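J.: What would the 3D arrangement of this be:
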Amino acid sequence: GDARDLEMIQHNPHVLYIPPSDSNGRAVICNDRTTGHIADRMCGVRMVWYVVHLALKNEMARLRGFVLLCICKRYSVFNNYDRVRNNLVIKSYTSWLPIKLRAMHVCSPNSSFLELILPIHKFFMGRNMRQRMNVHFGSGKHHLEDLTAFGLSCDGLPPSVAGTYKHNPLWIEQQQQQDAE
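T.: Down below sits the predicted model:
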C-alpha cells in the first residue's frame, strides 16, 4: 500500500494540503471530488491521514487547527459514494486526528449530495461541526468571493473554485526528500 498510495496522491490529488494557511493561521485541506474516484477504500483514508501529517508540520496549524474545503462538482453519489470510507474519514477529521477541524466549506454540491449525503455527514460530525459547516452554491467566481470572506486567499484555493493554486505533481517526491533529511 504505501508506495501505491503515494503514487495515487501524486497523480490524483483527491486530498491536498494547500500550504498557504488562511488569515487565521489555520491549515487548508482540500478534498476535491472533481479529480476522480478512489477505488481503494483504505487508500482514501490513508491519503487523508498523510495530508493531515503534512499539515501538522505547521506550528500554527497545530495550535489553530485546519479548514476543510470540499469541492463536490460533478460528484455522483450513486457511482462514487462509499459509506464505510466516508465514516472513517469523518471520524478521522472529528475525533481521531491530533489536529482540530475548525470549519468546513462544501462547494457546489449537487442535489443528490445535498439531499442524501450532507444530512448524514452533519449527523456524524456532531452539533459543533454542523454549526461550522458552510455550503456554497454558484460559479467559481461566487465561491471565490464567499471563501475569501471567510479568510481563505485566492492563492490557497484550487482552480475548481476560481483560485490560483497549482498542484505540483512532484510535491510528494519533494516532501519525501524533506522527510528524509
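J.: Going along the chain, name the helices of this protein.
T.: 2-11, 41-56, 59-64, 77-80, 83-91, 111-112, 118-131, 140-149, 171-180 (DSSP state H).
J.: Need those helices in CSV (columns: mean neighbour count and distance to Gly156).
T.: C-betas here are computed from N, CA, C, even on glycine. Shown next, in CSV, are the helices of the chain (neighbours: other CB atoms under 10 Å; distance: least, CB to CB, whole Å):
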stretch, mean neighbour count, distance to Gly156
helix 2-11, 14, 18
helix 41-56, 18, 13
helix 59-64, 15, 13
helix 77-80, 11, 26
helix 83-91, 15, 21
helix 111-112, 11, 29
helix 118-131, 14, 21
helix 140-149, 17, 9
helix 171-180, 12, 15
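J.: Give the burial count for Lys166, as a bare number.
T.: Using other CB atoms under 10 Å, Lys166 is surrounded by 8 other residues.
J.: Kindly report the same for Cys107.
T.: Neighbours of Cys107 (other CB under 10 Å): 28.
J.: Contact partners for it?
T.: Taking CB atoms under 8 Å, 6 or more residues apart in numbering as the criterion, Cys107 is in contact with 69-73, 136, 143, 147, 160-161.
J.: so how far is Ser95 from it?
T.: 24 Å (CB to CB, to the nearest Å).
J.: From the contacts of Cys107, list the buried ones, please.
T.: If you count burial by 16 or more other CB atoms under 10 Å, the buried members of the contacts of Cys107 come out as 69-72, 136, 143, 147, 160-161.
J.: Widest-spaced pair of these?
T.: Cys72 and Leu147 (14.3 Å; CB to CB).
J.: Now do the buried residues in stretch 90-109.
T.: Result for stretch 90-109 [16+ other CB under 10 Å]: buried residues 90, 93-94, 97, 99, 101-109.
J.: His121 reaches Val89, doesn't it?
T.: No - in this structure, His121 is not within contact of Val89 by CB atoms under 8 Å, at 9.6 Å.
J.: CA atoms of stretch 42-53 as CSV?
T.: Output of stretch 42-53 as CSV, limited to C-alpha atoms (Å, rounded to 0.1, in the frame of the first residue of the first chain):
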residue,chain,number,x,y,z
MET,A,42,-8.4,2.4,2.8
CYS,A,43,-6.2,4.2,0.3
GLY,A,44,-8.6,7.2,0.6
VAL,A,45,-8.4,7.1,4.4
ARG,A,46,-4.6,6.9,4.3
MET,A,47,-4.5,9.8,1.9
VAL,A,48,-6.4,11.9,4.5
TRP,A,49,-4.0,10.9,7.3
TYR,A,50,-0.9,11.6,5.1
VAL,A,51,-2.2,15.1,4.2
VAL,A,52,-3.0,15.9,7.8
HIS,A,53,0.5,14.7,8.7
